[in-house]
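*Asks:* give the three-dimensional model of this entry:
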Amino acid sequence: MKFIVKIKHTVFLQLLAALLFSLWPSSPAQAYVGLCCAHCGGNMPLNIFGGGIPETHEFRVKLTQMFMQMGPLRNGTTDLVTDTLLGTPNGTTSFAVAPREMRMYMTMLGLAYSFTDDFALMVMTSYKRNDMDMVFNAALTSNAMGNNPTRARGFTMHSEGLGDTRILGKYRVYANDTLAPTRQVSVLAGLSLPSGNINKRFTRNPVTGQNGTILPYKMQLGSGSFDPLFGLTAQGSTDPFWYGFNAFYIGRWHENDQGYEQGDEIKWDLYGMYQFHPRALVHLQLNGHWEDSYNGLPGATLFNRNGLFMNGAFLSPLFDPNNYGFTKLNLTAGIQYQPLPLHIMELAASKPVYQDVNGPQLKEEWRIMFTYYIEIPTSRSRRYTGTQAPPELGF
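*Replies:* You can find the predicted model right below:
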């Protein structure tokens, strides 16, 4: 697997280098208005949640495919070998089954519309697929042999389906110019709706009696609660450079139908961009993410003992709500390209540079994101074909 990842990484770097070389201008870079509308800030990384304000009376559609690799286990800032956690469950240092690595595939769709120069409404949802490789202790290995002798040492947990849906309003509180600001600040507020299933069950477990019991928290598809969202963005530009800061809070203020709460989250992003060609730019980001530990157990664990050993200890660290939450810092690099007017493609790769987890839990190893972005003017837009130039332009 690592050999395949290295090959993909090498091919990615070669393709990126070829694209940069083909687009690099032969003369010094000129000042550009950006790849998207100047009103929205001109340039902004497409992977940042809630980023940008569409041009007034225009729609914005954003489709993102993300792949994330997780593993190995970590506790605090120290990596762990999965086998060291396997043994007779005691709920703290020894478990019947523990994760080795995880792969997450997420397809995200976002739609935004700007009603005025300062106010936009955004809706975002996702489709998730989670695959987590698990390793058994000796007792469960023996139990699984009769059901699946070729995979007796472990199995792959699986879940997939629709994630939560977020509705967000964004209001621009400051801009140094209405049509093409080089400085602007916006506030965001909204709500995350619990459209993601939190009752996903085992379907591939070779251990007798485990299929049909509830999957751990990490394998569920949403929070299960109505979660408030608050954010702040600040953008600036000095052509051909663009920069900004983004901060976001997601509150988990009440229990879901299963009887537990996910942890509150705070995310922030600091980015810089360089537009080296009228149709292309590169960017570098520093992304922070803090998540609190979870609170409470699902009803299937409390009343049906799903995820518990006969002595009441957790079968896996994944069933313990205290083994969730982290402080993480990522470095992200990407490239944007405009294949057609009002269309933008972005390829970005992210790698953690610091992770402190409330373990034991799987750490993030890397992620890759590809985004396709489209702006759709309506008949009321300044940029709609056939309309006159706005009077602010003076012609």
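*Asks:* ok, L73 touching L86?
*Replies:* No. Applying CB atoms under 8 Å, one finds L73 not in contact with L86, separated by 11.3 Å. Every C-beta, even on glycine, is put in place using the N, C-alpha and C of the backbone.
*Asks:* neighbour-wise, which of those two wins?
*Replies:* Taking other CB atoms under 10 Å, L73 and L86 do not tie; L73 has more neighbours (23 against 20).
*Asks:* overlap of the contact sets of L73 and L86?
*Replies:* Common contact partners of L73 and L86 (CB atoms under 8 Å, 6 or more residues apart in numbering): A98.
*Asks:* pretty sure I53 is in a helix, no?
*Replies:* No. Looking at I53 with DSSP: H, G, I helix; E, B strand; the rest coil, it is coil, so not inside a helix.
*Asks:* run a quick neighbour tally on Q336.
*Replies:* By other CB under 10 Å, the residues close to Q336 number 25.
*Asks:* swap in N90?
*Replies:* Per other CB under 10 Å, the neighbour tally for N90 reads 12.
*Asks:* from F309, how far off is it?
*Replies:* The spacing between N90 and F309, counted by CB to CB, to the nearest Å, is 9 Å.
*Asks:* okay, and the common contacts of the two?
*Replies:* Shared contacts of N90 and F309, defined by CB under 8 Å, 6+ apart, are absent.
*Asks:* what about the nearest residue to T213 once chain neighbours are set aside, distance to N211?
*Replies:* Spatial nearest neighbour of T213, chain neighbours left out: N306 (4.2 Å); criterion: CB to CB, 6 or more residues apart in numbering. Relative to N211, N306 is positioned 11 Å away (CB to CB).
*Asks:* the more surrounded of these two?
*Replies:* The neighbour comparison of N306 against N211 (other CB under 10 Å) goes to N306, with 21 against 13.
*Asks:* which SS class is that one?
*Replies:* coil.
*Asks:* residue contacts, it?
*Replies:* N306 neighbours (CB under 8 Å, 6+ apart): T213, I214, P298, A300.
*Asks:* same question, M132
*Replies:* Neighbouring residues of M132 by CB under 8 Å, 6+ apart: P99, E101, M102, R103, T156, M157, H158, K218, M219, L362.
*Asks:* list the beta-bridge partners for it.
*Replies:* Per DSSP bridges, the residues bridged to M132 are M102, M157.
*Asks:* for it, give its distance to N256.
*Replies:* According to CB to CB, M132 and N256 sit 21 Å apart.
*Asks:* tell me which two in the contacts of M132 are the farthest apart.
*Replies:* H158 and L362 (15.5 Å; CB to CB).
*Asks:* the more surrounded of those two?
*Replies:* Between H158 and L362, L362 has the larger neighbour count (other CB under 10 Å), namely 25 against 15.
*Asks:* ok, and the closest non-adjacent residue to N295?
*Replies:* Here the residue nearest N295, using CB to CB, 6+ apart, is E261, at 4.5 Å.
*Asks:* that neighbour: how many residues sit nearby?
*Replies:* 22.
*Asks:* can you count the residues close to Q184?
*Replies:* The number of residues packed near Q184 is 22, by other CB under 10 Å.
*Asks:* next one: T93
*Replies:* T93 sits with 12 neighbouring residues when counted by other CB under 10 Å.
*Asks:* report pLDDT for it.
*Replies:* pLDDT, T93: 92.
*Asks:* pLDDT below threshold where in the chain?
*Replies:* Low-confidence segments of the chain, defined by pLDDT under 70: 1-33, 145-152, 385-395.
*Asks:* strands of that one, start to end?
*Replies:* Assigned by DSSP state E, the strands in the chain fall at 58-76, 78-80, 97-114, 119-136, 154-162, 165-175, 183-193, 227-238, 241-250, 265-277, 280-291, 326-337, 343-377.
*Asks:* with respect to T203, which of these lies nearest?
*Replies:* Of all those, the one in closest proximity to T203, counting by CB to CB, is strand 154-162 (6.9 Å).
*Asks:* what angle do the closest one and strand 97-114 make?
*Replies:* Here the directions of strand 154-162 and strand 97-114 differ by 20 degrees (axes from the mean of the first three to the mean of the last three CA atoms, to 10 degrees).
*Asks:* and strand 154-162, what's buried?
*Replies:* G154, F155, T156, M157, S159, G161 (16 or more other CB atoms under 10 Å).
*Asks:* got the angle for that strand vs strand 119-136?
*Replies:* Here strand 154-162 runs at an angle of 160 degrees relative to strand 119-136 (the same axes, to 10 degrees).
*Asks:* which strands and helices sit next to strand 154-162?
*Replies:* strand 119-136 (3 or more CB pairs under 8 Å, 6 or more residues apart in numbering; DSSP states H and E).
*Asks:* 10 Å instead, please
*Replies:* strand 97-114, strand 119-136, helix 138-144 (3 or more CB pairs under 10 Å, 6 or more residues apart in numbering; DSSP states H and E).
*Asks:* off-centre distance for the last one?
*Replies:* Chain-centre distance of helix 138-144: 36 Å, with CA atoms, centre = their mean, to the nearest Å.
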